[in-house]
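Colleague: Predicted model and sequence below, questions to follow.
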Amino acid sequence: MQNETPVNDPFLSIVSHDLKAPVGLIITYSSMLRDSLNLSHDDHDILDEILLAAHSLQIQVNNLVNATKINRGDLLYDMKTYHLRSLIDHVLEIIQPQCRTKGIEIKNFIDENLWIKGDFEKLQEVLMNLVKNAIQASPRKSTVTVAARKEGGNAVIEVQDAGKGIEPSDLERVFLAGERGSDRKTGAGLGLYIARAIVRAHGSDINVVSEPGRGASFSFSLPLSDPEKEE
C-alpha cells in the first residue's frame, strides 16, 4: 500500500498548479534567448543558470501536482506509441545546464529501434527525476550513464550514477514520499515516489541496485510496441 504523501493540503495543490504556466514561460523565453542571440560566454552562462533554476523549479512543481493527483487517485494517462530515443534525447537536452554546472558527462547507450506505448509526458517526468537524482548524487566531473536496450518483449531503461551508493537497508525507503538521500539537499523527496507510481501505472516497477561506494542503478521496463499497428 502506498504511503500517504506529505502534500494533502488543497492550497498546495492550487498553488503548484498555478505555478506551472509562469515557470514554463521562463524556460521557453530563456531557451529562445540563449539559442537565438550572439551571446558572450558570461551571458550564456547566466542564461544556463536561469534555465537550471527554472527546470529545477519545474520538476518540483510537477512533483507537487502529480503527488496530489496520485494521492487522490486521479492522475490520468495518455497512452500512445512513440520512439523511446526521442523521449530520452528530450530529457537529456533539458538536463544539460545542470550537467555543465557540475561538469558531469552523460554517456548514453540507446538502442535506436525501440518503440514503446505509454504517456510521453509522464515518462519524461520519470526519466527527469531519475537523471536529476543521478547528477545530484554524482561528484563533480564524473559520469552518469543512461541506457536503453531490448530484453525479450520489453525495453529496459537504466540510469547509473557515480555517487557513494545506497545502504541495503535504505533501498526501499528511497521510494517513500518525503524521503531524501543524504547527498540531496533540495526538493521535497517526492521524485522517486512519483516515478515509481507512474511506472507501476504502466504495468512495471522501478528497481534499484546499489552498493555503498559503488553508485546506484535505477531501472524499469516497458512493453515494446509496433508503430505500424497504430491507427
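Modeller: Great, that's in hand.
Colleague: how close does the spatially most central residue of the chain sit to residue 135?
Modeller: The centroid of the chain falls nearest to residue 128 when counting by C-alpha atoms, centre = their mean (1.7 Å). According to C-beta to C-beta, to the nearest Å, residue 128 stands 11 Å off from residue 135. C-beta coordinates here come from the backbone N, C-alpha and C atoms, glycine included.
Colleague: Overlap in contacts, the two.
Modeller: Counting by C-beta atoms under 8 Å, 6 or more residues apart in numbering, the residues touching both residue 128 and residue 135 are residue 95.
Colleague: isn't residue 92 right up against residue 128?
Modeller: No: judged on C-beta atoms under 8 Å, residue 92 makes no contact with residue 128 at a distance of 9.9 Å.
Colleague: before we move on, back to that, tell me the spacing between the residue nearest to the centre of the chain and residue 192.
Modeller: 12 Å.
Colleague: Contact partners for the residue nearest to the centre of the chain?
Modeller: 59, 91, 94, 95.
Colleague: Chain neighbours aside, what residue packs nearest to the last one?
Modeller: Beyond its immediate neighbours in the sequence, the residue positioned closest to residue 95 (C-beta to C-beta, 6 or more residues apart in numbering) is residue 131, lying 5.4 Å away.
Colleague: Local confidence estimate at that neighbour?
Modeller: We have a pLDDT of 95 for residue 131.
Colleague: Check the secondary structure at it for me.
Modeller: Under DSSP: H, G, I helix; E, B strand; the rest coil, the three-state class of residue 131 is helix.
Colleague: right, and it touches residue 88 too?
Modeller: No: using C-beta under 8 Å, residue 131 is not in contact with residue 88, being 9.1 Å away.
Colleague: any residues in contact with both of those two?
Modeller: The contact lists of residue 131 and residue 88 share residue 146, where a contact means C-beta under 8 Å, 6+ apart.
Colleague: Just after the helix or strand bottoming out on mean pLDDT in the chain, pick out the following helix or strand.
Modeller: Using mean pLDDT, DSSP states H and E, helix 10-36 stands out as the lowest-scoring helix or strand of the chain, at a mean of 74. As assigned by DSSP states H and E, the chain's next helix or strand after helix 10-36 is helix 41-72.
Colleague: Name the residues of that next one that are buried.
Modeller: By neighbour count with 16 or more other C-beta atoms under 10 Å, helix 41-72 contains the buried residues 47-48, 50-56, 58-71.
Colleague: Repeat that for stretch 122-132.
Modeller: In stretch 122-132, counting by 16+ other C-beta under 10 Å, buried: 122, 123, 124, 125, 126, 127, 128, 129, 130, 131, 132.
Colleague: Among those residues, which one lies nearest to residue 113?
Modeller: residue 123 (18.0 Å; C-beta to C-beta).
Colleague: My read is that the closest one contacts residue 202, right?
Modeller: Yes: in this structure, residue 123 is within contact of residue 202 by C-beta under 8 Å, at 7.4 Å.
Colleague: overlap in contacts of the two?
Modeller: Joint contacts of residue 123 and residue 202 (C-beta under 8 Å, 6+ apart) are residue 222.
Colleague: How far does the least confident helix or strand of the chain sit from its chain's centre?
Modeller: 17 Å (C-alpha atoms, centre = their mean, to the nearest Å).
Colleague: Which elements pack onto it?
Modeller: Contacting helix 10-36 under the criterion 3 or more C-beta pairs under 8 Å, 6 or more residues apart in numbering; DSSP states H and E are the following elements: helix 41-72.
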